[in-house]
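Visitor: take this sequence and fold it.
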Amino acid sequence: MKYAGFWVRTIAYVIDIVPISIIVVTVFYLYADFGETWTTYRADRTNVDARVQFMAERNWIREISFGVWLVYCALMEGSSVQGTLGKRLMGIRVVDRLGNRISFGCSVIRNLSKITSYLPFLMGFFWIAGSRQKHGWHDMLAKTDVVYRESRLHEYFK
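Guide: A predicted model of the protein is given here:
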């Protein structure tokens, strides 16, 4: 098994989080008056109340996007796909330490554990770059690996 490193996993994350964030921002813009908050904040950046309101709503958008991403990852990584759309496009998948598909329960544990990687300044994610097996803290807690998918062509050249 060839472990997927920090950058390929980061690109997969960006592929996944951008559409999720766009959807969440759109919902806030259309249904929670975020557009009005943003316009008020931009018109007068010295207005403390407008700034506080803008920062609060921006934080809600960030946290809801992260929560949606966690649920999406848990569902996709525990499925037969073994990864999110971003992971699939980058040619990687999530497996247990033996290289088998992870269960839905393991996927939930892995993805809830991402909070431990996220909270201390994203250190659990940066840990991937220095780890020999390219494990983030959430991978260590759930006993999972992120590896490259074997191409079907490789079967013909054995």
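
Visitor: drop to CA atoms for contacts and neighbour counts, all remaining ones
Guide: Fine.

Visitor: so where do the strands sit in this structure?
Guide: In the chain, the strands defined using DSSP state E lie at 92-96, 144-148.

Visitor: got those as a markdown table, with mean pLDDT and distance to residue 33 columns?
Guide: Shown next, in a markdown table, are those (pLDDT from 0 to 100; distance: least, C-alpha to C-alpha, whole Å):
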| stretch | mean pLDDT | distance to residue 33 |
| --- | --- | --- |
| strand 92-96 | 97 | 38 |
| strand 144-148 | 97 | 40 |
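
Visitor: quick one: closest of these to residue 113.
Guide: Among the strands of the chain, the nearest to residue 113 by C-alpha to C-alpha is strand 144-148 (11.5 Å).

Visitor: now tabulate the strands of the chain in CSV and tack on distance to residue 2 and mean neighbour count.
Guide: Output for the strands of the chain, formatted as CSV (distance: least, C-alpha to C-alpha, whole Å; neighbours: other C-alpha atoms under 10 Å):
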stretch, distance to residue 2, mean neighbour count
strand 92-96, 10, 23
strand 144-148, 6, 23
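
Visitor: using JSON lines, lay out those strands together with distance to residue 45.
Guide: Shown next, in JSON lines, are these (distance: least, C-alpha to C-alpha, whole Å):
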{"stretch": "strand 92-96", "distance to residue 45": "44"}
{"stretch": "strand 144-148", "distance to residue 45": "44"}
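
Visitor: longest helix anywhere in this protein?
Guide: helix 48-77 (DSSP state H).

Visitor: helices and strands around that helix, which ones?
Guide: helix 6-31, helix 34-43, helix 104-112 (3 or more C-alpha pairs under 8 Å, 6 or more residues apart in numbering; DSSP states H and E).

Visitor: most tightly packed of the ones you listed?
Guide: Sort the helices and strands packed on helix 48-77 by mean neighbour count, taking mean count of other C-alpha atoms under 10 Å, and helix 104-112 sits at the top with a mean of 20.

Visitor: quick one, that one and strand 144-148 angle?
Guide: For helix 104-112 against strand 144-148, the angle by axes from the mean of the first three to the mean of the last three C-alpha atoms, to 10 degrees is 90 degrees.
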